[in-house]
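Just the structure for this:
(chains A, B, C and D)
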There are 4 protein chains.
Amino acid sequence: MIKVAIIGGAGYTGGELLKILLFHPKVAIIGVTSKSHSGKKVSEIHPNLNHLTDLIFEKENIAELSQKADVMFFALPAGESMKKIKDVDLSKTKVIDLSADFRFWDKNTFEETYQIKHFAPDVITKCAYGLSEVNKNKIKQSSVIANPGCFPTAAILGLYPLAKEKMLTNLVIINGVTGSSGSGVKPTERTHHPERAHDFKAYNIFSHHHSPEIKQSIDLLQGLNSSIAFVPHSAPIIRGIFITAYVTLPFEEKIEKIKALYQETYKDKPFIRLVDNARISSVVGSNFCDIAVYAQKNQIVITTAIDNLIKGASGQAVQNMNIIFELPETTGLLFAGLHP
Amino acid sequence: MIKVAIIGGAGYTGGELLKILLFHPKVAIIGVTSKSHSGKKVSEIHPNLNHLTDLIFEKENIAELSQKADVMFFALPAGESMKKIKDVDLSKTKVIDLSADFRFWDKNTFEETYQIKHFAPDVITKCAYGLSEVNKNKIKQSSVIANPGCFPTAAILGLYPLAKEKMLTNLVIINGVTGSSGSGVKPTERTHHPERAHDFKAYNIFSHHHSPEIKQSIDLLQGLNSSIAFVPHSAPIIRGIFITAYVTLPFEEKIEKIKALYQETYKDKPFIRLVDNARISSVVGSNFCDIAVYAQKNQIVITTAIDNLIKGASGQAVQNMNIIFELPETTGLLFAGLHP
Amino acid sequence: MIKVAIIGGAGYTGGELLKILLFHPKVAIIGVTSKSHSGKKVSEIHPNLNHLTDLIFEKENIAELSQKADVMFFALPAGESMKKIKDVDLSKTKVIDLSADFRFWDKNTFEETYQIKHFAPDVITKCAYGLSEVNKNKIKQSSVIANPGCFPTAAILGLYPLAKEKMLTNLVIINGVTGSSGSGVKPTERTHHPERAHDFKAYNIFSHHHSPEIKQSIDLLQGLNSSIAFVPHSAPIIRGIFITAYVTLPFEEKIEKIKALYQETYKDKPFIRLVDNARISSVVGSNFCDIAVYAQKNQIVITTAIDNLIKGASGQAVQNMNIIFELPETTGLLFAGLHP
Amino acid sequence: MIKVAIIGGAGYTGGELLKILLFHPKVAIIGVTSKSHSGKKVSEIHPNLNHLTDLIFEKENIAELSQKADVMFFALPAGESMKKIKDVDLSKTKVIDLSADFRFWDKNTFEETYQIKHFAPDVITKCAYGLSEVNKNKIKQSSVIANPGCFPTAAILGLYPLAKEKMLTNLVIINGVTGSSGSGVKPTERTHHPERAHDFKAYNIFSHHHSPEIKQSIDLLQGLNSSIAFVPHSAPIIRGIFITAYVTLPFEEKIEKIKALYQETYKDKPFIRLVDNARISSVVGSNFCDIAVYAQKNQIVITTAIDNLIKGASGQAVQNMNIIFELPETTGLLFAGLHP
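Got it, this is the predicted structure:
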């Protein structure tokens, strides 16, 4: 059994990690921490886990857990993991970090984007960007996995087949939509029910911190400085990321050819489903990423739907753990979404 | 024109007061205050009022505004009005208070219910409980109006015809449901979108502070110590109070007789609509209170629907102002709800 | 492996049966039928099952499937199962019927309630009412299981400990709230998004067809003609049943005693969780039934929350299958709900 | 008083016309028709109008009403108005048609888009496209007003300042989001609550019938064949259209200059609000159109929010009536939205 510790288990991604790992056939959870809830039963904070676990939140004893754990999931706010990772013996214990701290190969981009000084630039070289379908080999070999953001996961998976063929030479428009759980467990004006439940709006236009993360991947895949415009929107749903990407190809292409490219790219990827119409309610509660492709002359539209807490966070984190420990990627992750 | 000041105009009931009073044909708003937003444009906080008013929030200068105002609306958290009302010259200026501070004729009940010491017990004797349809004469003659709570408004209006006939001699079950706007503008765990949007639950069972408020009215109407059980629930709607009241009559009664009693009671009340089926979406955005009555032998079920921010707060407050200033009750209040 | 056929697999309960049974470790699905979708892939109708099954809907060949199946789930509209069950060899194949057709031991009650003539009164004697926690022994021995309705499941489980002690001697008020998925896959005015999404209302007051179903169970448990008043409401949620039951005990009782009774009653029941506060969002996506109990003198309030499609339909159906085939009740059913 | 008849008053746009016109100070409603509900009280179908009107739905007697009416609003399904308009004496009675029948100056575009043969091509020459802010003079002079679609209203108002300056020379991406009320009063799979309430998806990609309508206006404003890509999405809200338009200018431009252009263009337009952030919940329930503009080098993003049933349909129709009858545009239309 893989011995797993979860650092920061009281938030939404922590809860989702627990929900998945408790039923993972190759995992034993050896500890789960919470600064503000240590001593409480896990099921007190995550009522859906009541009767499914007797785990108690521990205080944040990273060094100690690191001695016992094969892998540690860090589910902490931005800027925390890079301070705490020094307590982990990385020669022995893998870290899968769900924050943005290690997602950028260039620490300057991180510092500009998050306006936080980077405390562990040395760790960056040991990291793989944990987009499972794109980066499998590097994930396997790295001791720290920087699990991607929710918008980047959906956006890059939607664009990857075109990017690897270097077809994104013109400006790519990425229109993103998110549910409220992406904002985390802490109540704010943005997630106040009376302000959110009947609303739809754009936010952080030209300035969302997921924009450089998306661009970094597209740039690397294409080997050039690409041009993207990403506008996130908040919708009155709890779970879900929906991306509508608009690509202008440098030449006209038949939809059949584009679809064949997507099929070829993703033929061995169990969590990518190429569908006629992507929709949030087909993927909520699952680790699937649904992708639909449309073309008209040289215009391509790609729509992508994921559950932000699963494929966009904790599910993909477990998928990366499976990759690291050479299990089938689907181990413990083949469950259906909640439709309706 | 009636000169009106609003004390505490930045919350949801404050916004609703502004929305109504800006279009009231007999009102001039002479000032609106906000402690935390003074100096800001009203439309910055209430974006729906953009282009409809140039008002600026003032600081909380109650004494000064009192010199100019014919009537002041207090839309403040519990415990504030009773401290501040001393700055108003009540011989000259009426106060319509939307908080619970003056709703109880017995200060002990207030103190037990809200666990706050009452600072202005002397004012209580000058107060009318502002349930417009029930208490019109007293409202006309009083200098301070204690505007009812949202649950009590719906519950008492639903039960009033039976109560005034002293027919509530057995236990009355009052099952209440509320939208999230009733919790106010401040984000909390209870109104966090991910926690609320797909949820339904009961809360404060046997202990909600609206329970003694309802009981007080039923007791006074019947002239006896009545027995009620009130259980509030939170639903994933923004606006609306829905009450399902279960009454066991001391004798069997024909539904036609019961309906006739309701019709007779409310025949001159423009905001009470006796309907076949009450529903939230018929009243949201309006000052109407929809009531439906059902009977089976001696069992009566009454359902009542209101918009908590309008008939359950600011609309009724303006209705009380109309009563005080001897305008038709409907002045400035005859607008339709938002269906669908 | 238990060979399972599903008759009527294209609706919401059919989809949920598939979702559960596809991952059940002791089940092989040998066929799933749909009159209107035969020939189509199951995942075309249930997009959440895409990549999880290659099953194709067959036409409604009940007799043929009966020859191969150990158990057949009927997920059909009211009145259909009783016509079609004659095609099943009940000496060989168990039937778990999700409709109301076999829920009443007295066919007259069925006929009055559903206004349909009963076509198979002889089958009734072979039936068990499939409330797993209450009726386990009879379920084990019967060839046809009448799976309970969603409201009755939640209501009776909430009241069972009191009923078996014959403590429901006074009128019991049962206030029920349902999500929209309970109305099924066919669009109607009641489930039209613009009419439902911001609404809350009562419906079928004193006349809902689940009322006699609840009463039948309470009567049998108490051995007397009990008195209940059941009022269902529709809320703008997709999944979930929430019951608030109001009981007046014949005597005053300490809350500790009541809670002890509930704990004792349900101590070996893995899907009953006695909680401080029941809420829909703790159970959605799971087979759990959460129950909370409150008391004040001789007034008891019981709140109960279930997922209507799982514990209120397909999950309980599989739980009954487990009972029949002498598997642990939890086999294939221990999954967590989707919180948030 | 302007004598008004409404043809097709039982749908959502019909209801909204009634809601507005009943309170319009210069209007007398002389008749409202409904094929399926003639004889019923208007408030039976539109429960929010209960106690606000005694109108009864008449049968569809267009010729007769035409003799008395100064203006007739047609709120009918696509293809109906063009058949029925012949019964109106257009020399005497104005028609404001809310359908698409007369929106295209080229009947071929209509026929291709809607796959319906055009029955009244002669009427097209008498029509004005009723986008109030853009086409005021022509609206004043025409006898038939083709009221714009909801997506086109929001999209064109968002792009108009750039289009009239011929700055849309590159491909314009128009990402649209709609609430469920836009689909009308008839339940369908797309607006079935269990399918809609937690979902978000794109639909009719490259093929929505509002696409040619938007393109026609942009082409006319620029005097050239422009290039747009419009992708509509459905969100789980009832009311609202939200447009995010992505424009690549042929040259770099300062945001201040762009904003000044918008301010200049709309300075006398009472229903256009230039805001920092457009959001649905600021406009729902009002006739306002909120527009926000963002720029980064030569990339412009414009977001636009309207209430689809008001500014996107019935409100704009009344605004056009005000223009025709030389009333201030705001007459009867200055009401605030419902926030929260």
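
Could you pick out the residues of the stretch 101-250 of chain A near chain D for me?
Proximity of the stretch 101-250 of chain A to chain D, by CB under 8 Å from any CB of the partner chain, involves residues A:171, A:173, A:175, A:177, A:194-195, A:198-203, A:205-206, A:229, A:231, A:233, A:235-240, A:242, A:244, A:246, A:248. For every residue, glycine as well, the C-beta is placed using N, CA and C.

For stretch A:60-80, the averaged confidence score.
For stretch A:60-80, mean pLDDT rounds to 96.

Return the distance of it from the chain's centre.
Stretch A:60-80 sits 18 Å away from the centroid of its parent chain (CA atoms, centre = their mean, to the nearest Å).

May I see the buried residues of it?
A:60, A:62, A:65-66, A:69-76, A:79-80 (16 or more other CB atoms under 10 Å in any protein chain shown).

Counting by contacts, list what the longest helix belonging to chain A packs against.
Criterion DSSP state H: the longest helix present in chain A is helix A:150-164. Packing contacts for helix A:150-164, counted by 3 or more CB pairs under 8 Å, 6 or more residues apart in numbering or on different chains; DSSP states H and E, involve strand A:172-178, helix A:210-222, strand A:228-234, strand A:241-248, helix A:255-265, strand A:289-296, strand A:299-306.

out of those, nearest to chain B?
strand A:228-234 (9.4 Å; CB to the nearest CB).

what does the closest one rub up against?
Strand A:228-234 is contacted by residues A:151, A:155, A:171-178, A:180, A:190, A:196, A:199-206, A:208, A:210-211, A:214-215, A:218, D:177, D:242, D:244, D:246, D:296, D:299, D:301 when judged by CB atoms under 8 Å, 6 or more residues apart in numbering or on different chains.

Report the distance from that strand to the chain centre.
That offset, for strand A:228-234, works out to 17 Å (CA atoms, centre = their mean).

got it, and stretch A:179-192?
17 Å.

Now do it, average pLDDT.
Mean predicted lDDT for stretch A:179-192 stands at 96.

Also stretch A:267-286?
98.

Likewise for stretch A:21-39?
pLDDT averaged over stretch A:21-39 gives 97.

Contacts (any at all) between chain C and that stretch?
Yes - residues of stretch A:21-39 contacting chain C under CB under 8 Å from any CB: A:L22, A:F23.

That stretch and chain B, are they touching?
No - using CB under 8 Å from any CB, stretch A:21-39 stays clear of chain B, coming no nearer than 12.9 Å.

ok, back up a step: how about the helices and strands packed on helix A:150-164, which one is nearest B:Q222?
Across the helices and strands packed on helix A:150-164, B:Q222 has its closest neighbour in strand A:228-234 (49.6 Å, CB to CB).

if we can go back for a sec, could you identify the most distant pair in the buried residues of stretch A:60-80?
Once CB to CB is applied, the buried residues of stretch A:60-80 give A:D70 and A:G79 as the farthest pair, at 25.9 Å.

about what we covered before: send the alpha carbons of the longest helix of chain A over as CSV?
The C-alpha trace of helix A:150-164 is given here as CSV (Å, rounded to 0.1, in the frame of the first residue of the first chain):
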residue,chain,number,x,y,z
CYS,A,150,-8.4,24.2,-12.8
PHE,A,151,-8.6,26.7,-15.7
PRO,A,152,-5.2,25.6,-17.1
THR,A,153,-6.1,21.9,-16.9
ALA,A,154,-9.2,22.4,-19.0
ALA,A,155,-7.7,25.0,-21.3
ILE,A,156,-4.5,23.2,-22.1
LEU,A,157,-6.2,19.8,-22.5
GLY,A,158,-8.5,21.5,-25.0
LEU,A,159,-5.7,23.0,-27.0
TYR,A,160,-2.9,20.4,-26.6
PRO,A,161,-3.5,18.5,-29.9
LEU,A,162,-3.3,21.8,-31.8
ALA,A,163,-0.4,23.1,-29.7
LYS,A,164,1.8,20.1,-30.1
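
That helix versus strand A:172-178: what angle between them?
Counting by axes from the mean of the first three to the mean of the last three CA atoms, to 10 degrees, helix A:150-164 lies at 150 degrees to strand A:172-178.

quick one: helix A:150-164 to chain centroid distance?
Chain-centre distance of helix A:150-164: 12 Å, with CA atoms, centre = their mean.

so what's A:Y203 up against?
A:R190, A:P232, A:H233, A:S234, D:N277 are the contacts of A:Y203 under CB under 8 Å, 6+ apart.

Now restrict the residues you listed to buried residues only.
Taking 16+ other CB under 10 Å as the criterion, what is buried in these is A:P232, A:H233, A:S234.

Once you drop chain neighbours, what's closest to the first one?
Nearest residue to A:P232, sequence neighbours excluded (CB to CB, 6 or more residues apart in numbering or on different chains): A:G176, at 4.5 Å.

List the contacts of stretch A:110-122.
So stretch A:110-122 is contacted by A:78-79, A:82-83, A:85-86, A:100-104, A:107, A:124, A:209, A:212-213 (CB under 8 Å, 6+ apart).

Any idea how far apart the tips of that stretch sit?
14 Å (CA to CA, to the nearest Å).

gap between that stretch and the chain center?
Chain-centre distance of stretch A:110-122: 19 Å, with CA atoms, centre = their mean.

per-residue confidence averaged over it?
Mean predicted lDDT for stretch A:110-122 stands at 94.

List the buried residues of it.
For stretch A:110-122, using 16+ other CB under 10 Å, the buried residues are A:F110, A:T113, A:Y114, A:H118, A:F119, A:A120.

can these go into JSON lines with extra columns for secondary structure?
Formatted as JSON lines, the buried residues of stretch A:110-122 follow (DSSP: H, G, I helix; E, B strand; the rest coil):
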{"residue": "A:F110", "secondary structure": "helix"}
{"residue": "A:T113", "secondary structure": "helix"}
{"residue": "A:Y114", "secondary structure": "helix"}
{"residue": "A:H118", "secondary structure": "coil"}
{"residue": "A:F119", "secondary structure": "coil"}
{"residue": "A:A120", "secondary structure": "coil"}
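
For burial, what's the neighbour tally of A:T178?
Neighbour count of A:T178, defined by other CB atoms under 10 Å in any protein chain shown: 25.

That one contacts A:I243, doesn't it?
No - using CB atoms under 8 Å, A:T178 is not in contact with A:I243; the gap is 9.9 Å.

residues bridging contact with these two, i.e. touching both?
With CB under 8 Å, 6+ apart as the test, A:T178 and A:I243 both reach A:F151.

For the contacts of stretch A:110-122, name the two members farthest from one another.
A:K86 and A:P212 (25.3 Å).

And those two? Which one has more around it.
Between A:K86 and A:P212, A:P212 has the larger neighbour count (other CB under 10 Å), namely 21 against 13.

Report pLDDT for the more buried one.
97.

and it, what does it touch?
Counting by CB under 8 Å, 6+ apart, A:P212 has contacts A:F104, A:T109, A:E112, A:T113.

Please repeat the previous calculation with a cut-off of 6 Å.
The contact partners of A:P212, by CB atoms under 6 Å, 6 or more residues apart in numbering or on different chains, come to A:T109, A:T113.

And whatever residue of the stretch 201-340 of chain A ends up closest to chain B, its phi and psi?
At 4.9 Å from chain B, A:I238 is the closest residue in the stretch 201-340 of chain A, using CB to the nearest CB. Note on A:I238: backbone dihedrals following degrees, to the nearest 10 are phi -90, psi -50.

how about a markdown table for the contacts of A:Y203, with distance to D:F335 added?
Formatted as a markdown table, these follow (distance: CB to CB, whole Å):
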| residue | distance to D:F335 |
| --- | --- |
| A:R190 | 27 |
| A:P232 | 31 |
| A:H233 | 27 |
| A:S234 | 26 |
| D:N277 | 22 |
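
Surely A:L17 is in a helix?
Yes - the assignment for A:L17 by three-state DSSP puts it in a helix.

Do I have it right that it meets A:G315?
No - if you go by CB atoms under 6 Å, A:L17 and A:G315 don't touch, sitting 9.0 Å apart.

what do the two both touch?
Joint contacts of A:L17 and A:G315 (CB under 6 Å, 6+ apart) do not exist.
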